[in-house]
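J.: Just the structure for this:
(2 chains)
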Amino acid sequence: MHHHGFGIYPSLFYDLPRLTNTMLNYSLKQLSTLLAAKKISSVELTGEFLGRVKVLNPDYNAFITVDEKMSFAQARVADAMIASGQAHPLTGIPIAQKDIFCTKGWLTTCGSKMLSNFISPYDASVIERFNAAGAVNIGKTNMDEFAMGSSSETSFYGPVKNPWDITAVPGGSSGGSACAVAARMAPAATGTDTGGSIRQPAALCGVSGIKPTYGLVSRYGMIAFASSLDQGGPIAKSAEDLALMLNVMVGFDTRDSTSLQRETEDYARNLAKPLQGLRIGLPKEYFVEGMSADVARAVEAAIVEYRRLGAETVEVSLPNTKLSIPVYYVLAPAEASSNLSRFDGARYGYRAPEYTNLNDMYQKSRAQGFGAEVKRRILIGTYVLSHGYYDAYYIQAQKLRRLIAQDFAEAFAQCDIIMGPTTPTVAFDLGEKNSNPVQMYLSDTYTIATNLAGLPGMSIPVGFSDNNRPVGLHIVGNYFAEAQMLNVAHQYQQVTDWHTRMPHKLTA
Amino acid sequence: MQWEIVIGLEVHTQLSTQSKIFSGAPTAFGAAPNSQACAVDIALPGVLPVLNRGAVERAIRFGLAVNAKINSPSIFARKNYFYPDLPKGYQISQYELPVVAGGSVKIRIGRDENAYEKTICLTRAHLEEDAGKSLHEDFHGLTGIDLNRAGTPLLEIVSEPDMRSSAEAVAFAKILHSLVRWIDICDGNMQEGSFRCDANVSVRHLGSDKLGTRCEIKNLNSFRFLEKAIDYEAKRQIEILEDGGVIRQETRLYDSDKDETRTMRSKEDAQDYRYFPDPDLLPLEISEDWINRVKAMLPELPEAKRNYYMTIYSLSAYDAGVLAATREMANYFENTVKLLPASAKLCANWIMGEVNGRLHKELMDIAQCPISSAQLAGLLLRISDGTISGKTAKDVFDAMWRSEYGGDADTIIEAKGLKQISDVDEIEKLIDDILAAQPQQVADYRNGKEKAFNSLVGQAMKATKGKANPTQVNELLKKKLMR
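T.: This next block holds a predicted model:
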């Protein structure tokens, strides 16, 4: 972990934890109320969480960069905003930022050696929006290199650990953010989701996460993996907190041509709506094979709970689901192979120390700067775009992508919301799938289709496996149904307490 | 064996937008290196392109001017390759579905009785971004990269292989050059690279309908180089084929110092650019309404002007072409001829001769001409009404060019006493004096020596300091010598 600016906050040497269990579970709204009432200052709150980061991060490796000086500077600005009555709902609240978002003055690595020396000269749109809201950046979270991975093990900065079991992966690629929230090192965090990178780690770490409809959160300044699939979103403890995070993150941005110009909405507006009459679609393809018994049990129990809340279930079909993974692993690497071309050692980032000519500089810088998974995907992407293969792979995959989206359109004619497991299994062990990339890719089986269709998807915790690893429920809504999805999740969280559970040894 | 040369051109025109095609950085030429490259242009991690509406509008304007189809949607694609002056590692261009499809322009080759017209078809015109510049000279053992030009909007105009000689290729390039300036989408500055040609050249037996293997020649930044490069390349190919060799498809570079083309890269080295639609840019949709608005603002096109000059002013096709080469030139001509409607040919000759010649000599363009069209008309009026001779008019023109006496022809003629002597009695008396003084030359003339006559005319003109009307002098001299 990169540590800058020591000793500004005097209480960094205290033992874990000073925040009480109850306080650790405070919602963003509760924290905001405390700040508004001057019960605690943003500087104090930031210090409390930085203190937890300092103690816990060496074990969990959730953060790549922590910069107390910068965080406290923001906290002081937030305190001034609060004092002058200019506070927004997130003013003064520490938020962990995935290291994929360019953050001015901060090291922004995307989990790669390639950017291990890159101090961003500008803020991503998402960062600008948090800054404008007066939120405090508490650090940059660890992730799979360039968001390519489902376990946060491909990071140049080493693997992130699952707070529920240090021998398990936290999922990925937003594993650092999910871990930070699960271990209560931050009240909430940002993530990005190209094939499940918010929802899968949220599920594996027992927290909540939502990937909004493609185009709602600006991609400007969010380092691109697969442009047509990438979407930023929040990871937090509850649906209610996700709503407040979305209120900050969503918004039209002229700097992103794929950004959608829509009227501003309050994502918390429907939270309290009863679920009476809600039609939940259960895709028959999700409940047949591949799902582990633990996951099936928890998901089915959650469905039962929803029936109790007044929802009804209907069987729907997403026949092309099984094609999602092959389609994704053509399109995402194709885009990635081109998106990552700019990392050539010429203008910024890693450059090999020795080289003989231009091509040698490119080859060595990229060979040394990228990890194995990134190289694998660049190779796949380059291949599928090559002359003679483009029609067979890329064009074919684009056609199938349309069919997959069509499946959802037909399903949503019969239901309001689709539910299933977020992942086929709970968190696997560190190193377990490293040698078998295809096995790793299969952990995104249920989440990838929503990215291909551009639909919003979220995950909320609904139980545990026999070995005490969290299970996530996947909720997919129609385009722009975020407020409804958050309502559906929130109603469940009003009658269950899975989302308040904390890894035992991290509690007070 | 008769050979036929087959030529197609690719012309890169730099569009005259204030800012770049996908970023807000300025496009002005000549700024300090890397001072006009923003985060998007240098391809920082996370940045995204946003299309410049002005660039699209200029492409539409071009499409309408050549009667092409405006595609909607059109698609931006990434052309992937590594080079230090290409910051993203790909160029955003158009591949399938360019913004402009088809269209044609009419060219005219030659100016005498062998002159002919020909229609050259366009394949397409697409929008793309320019790359930066690699500077190898100023840095010993290193290459400097200037990204000011990176992201400058280009419209690449691609012709069909419709040209059969370097003269046709030059005529086509000149017509395009004139057109893009006419419709105000490009400043046409070839030195600064705003208008650059690549030529695809192949040869085949005359009468064959199969295209030969072509070579693409790059780096043709003047019409003269375009002509010379094509001539050299065609000769090179013909020589190879006549020696029983085969042409290798390749990209060649024209070296103007040596006047030759040489291999840059062969087809075997050709890169696979892995084009695919840019996921950062949605398909570009151009509404009928937008097209109609652009159409309404389009000026009268040069071809229409040429036809107008030929029918209304009875100018030759060549003269009409020169005067309709730029909007400024056409305006100048029209404003002059408006004041002298009966002397269109005189106006045309003076503008194409004296005015253009002088501008050319002083490296100026018509917009900088120190003599206004009204002032020129004032001068030409005095030629047509016989106040001064054409020869004297050139002296007056010089004085006007130097803005003497406010550049007013009448004032200059008056002040310098240049008014032509047209009084018959006065000239007759003068001639009588000369004849009396030169009996020998009179005798010579009467003995058939024509030269003697010219000498007598010369003396008459000299005696009047050129102010005598030469036609009158001629006539009177002849009349008197006949006696």
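J.: Okay, B:Leu241 and B:Thr213: tell me how far apart.
T.: Using CB to CB, to the nearest Å, we find B:Leu241 at a distance of 10 Å from B:Thr213. Just so you know, the C-beta spots here come from the backbone N, C-alpha and C atoms, and that holds for glycine as well.
J.: now the residue of the stretch 351-483 of chain B found nearest chain A, what's its secondary structure?
T.: Per CB to the nearest CB, the residue of the stretch 351-483 of chain B with the smallest distance to chain A is B:Ala367, at 36.6 Å. Using DSSP: H, G, I helix; E, B strand; the rest coil as the criterion, the local structure at B:Ala367 reads helix.
J.: you'd agree it is up against B:Asn331?
T.: No. At 9.4 Å, B:Ala367 and B:Asn331 do not qualify as touching, with contact defined as CB atoms under 8 Å.
J.: Which residue ranges make up the domains of chain B?
T.: By the assignment in automatic domain parsing, chain B contains the domains B:3-290, B:300-415, B:424-482.
J.: Output those domains as CSV; include the columns mean neighbour count and mean pLDDT.
T.: Below are these laid out as CSV (neighbours: other CB atoms under 10 Å in any protein chain shown; pLDDT from 0 to 100):
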stretch, mean neighbour count, mean pLDDT
domain B:3-290, 18, 94
domain B:300-415, 18, 92
domain B:424-482, 15, 82
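J.: Take those domains and write them to CSV, including distance to A:Gly92.
T.: Below are the domains of chain B laid out as CSV (distance: least, CB to CB, whole Å):
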stretch, distance to A:Gly92
domain B:3-290, 27
domain B:300-415, 61
domain B:424-482, 94
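J.: Have a look at chain B and report its longest strand.
T.: Here the longest strand in chain B is taken by residue count, with DSSP state E as the criterion, and it is strand B:116-129.
J.: Which neighbouring elements make contact with the helix or strand that it is followed by?
T.: Once strand B:116-129 ends, the next helix or strand along the chain (criterion: DSSP states H and E) is strand B:133-135. The contact analysis (3 or more CB pairs under 8 Å, 6 or more residues apart in numbering or on different chains; DSSP states H and E) places strand B:133-135 against strand B:144-146.
J.: neighbouring strands for the strand it packs on, and are they parallel or not?
T.: Pairing partners of strand B:144-146, with direction, according to DSSP bridges: strand B:133-135 (antiparallel).
J.: got a list of contacts for the partner strand?
T.: Contact with strand B:133-135 is made by B:33, B:83-85, B:143-146, B:148-149, as judged by CB atoms under 8 Å, 6 or more residues apart in numbering or on different chains.
J.: Any idea how far it is from the middle of the chain?
T.: A distance of 28 Å separates the C-alpha centroid of strand B:133-135 from that of its chain, computed with CA atoms, centre = their mean, to the nearest Å.
J.: likewise stretch A:278-293?
T.: Taking CA atoms, centre = their mean, one finds the center of stretch A:278-293 at 23 Å from the center of the full chain.
J.: Run through who's touching that stretch.
T.: A:296, A:299, A:303, A:306, A:309-319, A:321-322, A:411-412, A:414-421, A:424-426, A:442, A:445-446, A:465, A:488.
J.: and the end-to-end length of that stretch?
T.: Taking CA to CA, to the nearest Å as the measure, stretch A:278-293 stretches 27 Å from start to finish.
J.: just to revisit the earlier point, which helices and strands sit right next to the longest strand of chain B?
T.: Contacts defined by 3+ CB pairs under 8 Å, 6+ apart place strand B:116-129 against helix B:53-65, strand B:90-93, strand B:100-101, strand B:104-109, strand B:153-159, helix B:166-182.
J.: coming back round to it: between B:Leu241 and B:Thr213, what contacts are shared?
T.: With contacts taken as CB under 8 Å, 6+ apart, B:Leu241 and B:Thr213 have B:Ile247 as neighbours in common.
J.: Okay, buried residues for stretch A:51-58 please.
T.: Using 16 or more other CB atoms under 10 Å in any protein chain shown as the burial criterion, the residues of stretch A:51-58 that qualify are A:51-57.
J.: among these, which are in helices?
T.: Among the buried residues of stretch A:51-58, the residues falling in helices (DSSP state H) are A:51-57.
J.: who are the neighbours in contact with the closest residue to chain B within chain A?
T.: Per CB to the nearest CB, A:Ser341 is where chain A lies closest to chain B, at 2.4 Å. If you count contacts by CB under 8 Å, 6+ apart, A:Ser341 has them with B:80, B:82, B:88-90.
J.: give me that answer again for 10 Å
T.: A:362, A:366, A:378, A:382, B:43, B:78, B:80-82, B:86-90 (CB atoms under 10 Å, 6 or more residues apart in numbering or on different chains).
J.: will you turn these into a markdown table that also has distance to A:Met143 and secondary structure?
T.: Conversion of those to a markdown table gives the following (distance: CB to CB, whole Å; DSSP: H, G, I helix; E, B strand; the rest coil):
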| residue | distance to A:Met143 | secondary structure |
| --- | --- | --- |
| A:Tyr362 | 25 | helix |
| A:Arg366 | 20 | helix |
| A:Ile378 | 18 | helix |
| A:Thr382 | 23 | helix |
| B:Ala43 | 21 | coil |
| B:Arg78 | 25 | strand |
| B:Asn80 | 25 | strand |
| B:Tyr81 | 29 | coil |
| B:Phe82 | 26 | coil |
| B:Leu86 | 28 | coil |
| B:Pro87 | 24 | coil |
| B:Lys88 | 22 | coil |
| B:Gly89 | 22 | coil |
| B:Tyr90 | 24 | strand |
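J.: nearest residue to the residue of the stretch 101-250 of chain B found nearest chain A other than its sequence neighbours?
T.: Using CB to the nearest CB, the single residue of the stretch 101-250 of chain B nearest to chain A is B:Ile145, 7.2 Å away. Closest residue to B:Ile145 apart from its sequence neighbours, by CB to CB, 6 or more residues apart in numbering or on different chains: B:Pro84 at 5.2 Å.
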